[in-house]
Structures are given as structure tokens and as C-alpha cells.
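**Student:** 3D model of this:
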Amino acid sequence: MLIGVIVHELFQAAIRCPSPAMVTSDWLLKQWRDCLYDEVLGELAALRLTPSQVETELMPYVDVVVNWVQSNIPGGSSYPSNNAAYQITKVHDIEENIWDPQLGIKGKIDVTLETKTNGKIQQRPLELKTGKSAPSSDHAAQSQGLIRDFVENVIRLLSALFIRLRWNPRADLPS
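**Tutor:** Residues are numbered from 1 along each chain as shown. Below is the predicted model:
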């Protein structure tokens, strides 16, 4: 769980970077050391993990984050990705609060992206997954909930995005 929290923070740092082309593995590890390490020091001690052990655990995720940012965020070294079904035009929000008063459900969307598909601009939620690689009913339910909330309260969406940072760096779940 701690690794997942750190990976989420690193992903957010990467997409906030004013120059996505400078997001590299070294840059992300520097963010970990300079900005996050002190925040999780107590948890590391409780888990008896050293910083180098954490970095070893982070590396597979770091590489995927770097590749994703470089090919999907404007300003990345290989943006836009030629095989993308859509083009990300900007990061709209990070950790956006959502609320469904009818169901009494509150939550946060990891990242809200502005995307362009066939000339149409729309906002799409993006959720990071650092655990299981295969799509699950939990992911599908979360996707449907996000879509429903956005459609009713914010803007019409075609689908939600999930990034499984462990094995399959990008997957769309249809609405």
C-alpha cells in the first residue's frame, strides 16, 4: 500500500512538471528522495524498509510513469503517441473531489484530463492502479461510477482511463 501511495505522488509530480520532457527515472527518484522520503519516514521504519529497498520496489513503476508521461502529456519527448485513440491536451485537475448526493458517495479522481478525439474536446477521469494487472469488476464498477457522476454533474464522457502501472501501462474501459 505504501508503494502505491508513493507511486501516486510521483505520477502527480510528473504530470505537474512544467517541462514533461525532463521527466526521467532519475528525476522521479530525486522527487522521491527530496520531497516524499521525509513524509513516509515513520512508515518506512515501521515496515523496516530502507530507502534503497523502496527504490528497488519503485523502479518498475517509475519506468512506466516516465514512458507514459513522455508519450501522453503535451511537451513529452515522444508526444503525441501515434497509437493513441485520443490526444491529451492538458491536465485539468489532480485529486478532484466528486460527490453523488443521490447515493451519498464521495470520492476523488486521481487525475482529470482534457482529451481530444476526432476534433471533440472532453474531460476524462484517469485512475492509477498499482496492484493487480488484469481488469477487475472493482475497476469496472469504479469506472462506471466515475462516468455516471461526470455525465450527470460535469460533462458527457465516452470512457474512463485506467493506468495499470505494473504490467499494462494503459487501458481504457468503455462506458
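
**Student:** what's opposite the one residue sitting closest to the centre of the chain in the beta bridge?
**Tutor:** Closest residue to the average C-alpha location of the chain: Leu128 at 4.1 Å, with Cα atoms, centre = their mean. Counting by DSSP bridges, Leu128 is bridged to Ile163.

**Student:** ok, it touching Val5?
**Tutor:** No - counting by Cβ atoms under 8 Å, Leu128 sits too far from Val5 to count as a contact (10.7 Å). The C-beta positions use only the backbone N, C-alpha and C, and glycine is treated the same way.

**Student:** quick one, strands of the protein?
**Tutor:** All strands of the chain, identified by DSSP state E, fall at 87-100, 105-117, 120-129, 159-164, 171-174.

**Student:** how about the ones you listed in a markdown table, adding distance to Thr50?
**Tutor:** Listed next are the strands of the chain as a markdown table, based on distance: least, Cβ to Cβ, whole Å:
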| stretch | distance to Thr50 |
| --- | --- |
| strand 87-100 | 29 |
| strand 105-117 | 28 |
| strand 120-129 | 25 |
| strand 159-164 | 27 |
| strand 171-174 | 33 |
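
**Student:** lowest mean pLDDT across those strands, which one is that?
**Tutor:** With a mean of 47, strand 171-174 has the lowest mean pLDDT of the strands of the chain.

**Student:** any idea how far Asp38 is from Thr130?
**Tutor:** Note on Thr130: its distance to Asp38, by Cβ to Cβ, to the nearest Å, is 21 Å.

**Student:** I'm done for today, thanks for sticking with me.
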